[in-house]
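Participant: pasted the sequence and its predicted model underneath.
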Amino acid sequence: MATRTTPRAVAPPDRPADAAGTAPGRRRPRRTLLPYLLLAPAVVLELAVHVVPMAVGAWMSLLELTQFHIRDWSTAPFVGLDNYRVVLDVDSAAGAELLHSFWVTVVYTIISVGLSWLLGTTAAVLLQRPFRGRGLLRALFLTPYALPVYTAVITWSFLFQRDTGLVNHVLVDQLHLLGDKPFWLIGGNSFVALLVVSIWRTWPFAFLCVMAGLQNIPNDLYEAAAVDGAGFWRRLRSVTLPMLRPVNLVLLLVLFLWTFNDFNTPYVLFGGSAPDQADLISIHIYRSSFKTWDFGSGSAMSVALLLFLLAVTAGYLLITNRRRNDA
């Protein structure tokens, strides 16, 4: 008896996709406006808080905007680059004062950033290994960074008082390190007081960043170094610091920008009028603008400071990227 075979149904071949990679019959996804709508508030705030004020400040630097024209900017004469010529001329009184503030700020920034990084790195390395009470010490070390700026600096201003401050009470009355109670908020000691407050406020941030970077270093590297006979300092120099290099590159740049632009610390500590020994460039620009009502010159100083910081940042990034590529 002959059997009859029925041919199996063969599936139709897949339809070729179009040039864009989408099979025919499927609709391409439409571009939605949702991402742009979500970014719109941030863009608007960025324009309102940073871009527009910078543009207005740059325009003000080209005007002779004094107290006689502050009510109506349209009456302020356009002077072009004259404000820049006055404030950047070191032979003039305004230029000499600005140069003095610039060098004070440079020294202040170098010392503050260097000591803040050193203290933060030292504390992070010492607290890397677990021990009882490590979490409490970490929380205590981060307290200065968590405190509001005005609360912390006002507290330090009371501590630095000559007759009733705790600093003189400890140094003079208890430890007898000084013969007479010095003034900390005026004169030459004002720079030291400003440095102490700045370092106290910024080193916990360095400690936090370095501590986070240490968590990404594999323990295998330390174990291999220990097997090779490397001690603590050898492991620190050959393992820890090279592995922390990407973190330190960003950390030092951020600390530099924060410290060089620091306004809150000297303003609160000295009441808006810092002594000459602690006359940072931010306070100098504030005094030139709001004390003498010369907003044109103050704006020119601000624009010059912005260009200087941009140049330093660009040079720093260029050098670090070149060294990274060479390595």
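Facilitator: Cool, the structure landed.
Participant: from now on I want contacts and neighbour counts done on CA atoms only, so please keep to that.
Facilitator: Noted.
Participant: okay, residue 266 and residue 105: tell me how far apart.
Facilitator: Here residue 266 is placed at a distance of 11 Å from residue 105 (C-alpha to C-alpha, to the nearest Å).
Participant: these two: which is more packed in?
Facilitator: Set side by side, residue 266 and residue 105 show more neighbours around residue 266, with 26 against 21, by other C-alpha atoms under 10 Å.
Participant: ok, then the element right after the helix or strand hosting that one?
Facilitator: Using DSSP states H and E, residue 266 maps to helix 264-270. Going down the chain from helix 264-270, the next helix or strand is helix 281-290, by DSSP H and E.
Participant: show the subsequent helix or strand relative to that following helix.
Facilitator: helix 295-326.
Participant: list phi and psi for the nearest residue to residue 123 once chain neighbours are set aside.
Facilitator: In space, and not counting its chain neighbours, residue 123 is closest to residue 207: 6.5 Å by C-alpha to C-alpha, 6 or more residues apart in numbering. According to degrees, to the nearest 10, the main-chain angles of residue 207 amount to phi -60, psi -40.
Participant: show me the contacts for residue 207.
Facilitator: By C-alpha atoms under 8 Å, 6 or more residues apart in numbering, residue 207 lies in contact with 117, 119, 120, 121, 123, 124.
Participant: leaving out sequence neighbours, find the closest residue to the first one.
Facilitator: Okay, so that is residue 117. residue 206 (5.6 Å).
Participant: element containing that neighbour, please.
Facilitator: Judged by DSSP H and E, residue 206 forms part of helix 189-214.
Participant: re earlier: joint contacts of residue 266 and residue 105?
Facilitator: By C-alpha under 8 Å, 6+ apart, the residues touching both residue 266 and residue 105 are residue 280.
Participant: my guess is residue 181 contacts residue 164. True?
Facilitator: No. Assessed by C-alpha atoms under 8 Å, residue 181 is found out of contact with residue 164, at 10.2 Å.
Participant: coming back round to it: name the nearest of the contacts of residue 207 relative to residue 313.
Facilitator: residue 117 (18.2 Å; C-alpha to C-alpha).
Participant: the closest one: helix or strand, and which one exactly?
Facilitator: Here residue 117 sits within helix 93-126, counting by DSSP H and E.
Participant: now the angle between helix 281-290 and that helix, please.
Facilitator: 140 degrees (axes from the mean of the first three to the mean of the last three C-alpha atoms, to 10 degrees).
Participant: how many residues are close by residue 165?
Facilitator: 16.
Participant: try the one 3 residues further on
Facilitator: Counted with other C-alpha under 10 Å, residues neighbouring residue 168 total 24.
Participant: looking at this, it is in a helix?
Facilitator: Yes. The assignment for residue 168 (DSSP: H, G, I helix; E, B strand; the rest coil) places it in a helix.
Participant: how about the nearest residue to it, chain neighbours excluded?
Facilitator: residue 181 (5.9 Å).
Participant: and the one you found, which of the three is it?
Facilitator: Going by three-state DSSP: residue 181 is coil.
Participant: distance of it relative to residue 158?
Facilitator: 15 Å.
Participant: any regions of the protein where pLDDT drops low?
Facilitator: Low-confidence segments of the chain, defined by pLDDT under 70, span residues 1-31, 326-327.
Participant: so residue 167 makes contact with residue 160?
Facilitator: Yes. When contacts are counted by C-alpha under 8 Å, residue 167 is listed as touching residue 160 (5.8 Å).
Participant: neighbour count: these two, which is higher?
Facilitator: residue 160 (22 against 19).
Participant: ok, that one - contacts?
Facilitator: Applying C-alpha under 8 Å, 6+ apart, the residues near residue 160 are 166, 167, 168, 183, 184, 185, 193.
Participant: compare those and tell me which is most surrounded.
Facilitator: Busiest of those [other C-alpha under 10 Å] is residue 168, holding 24 neighbours.
Participant: quick one: contacts for that one?
Facilitator: 160, 161, 162, 181, 182.
Participant: mind checking how far the first one is from residue 196?
Facilitator: When you say that, I think you mean residue 160. 11 Å.
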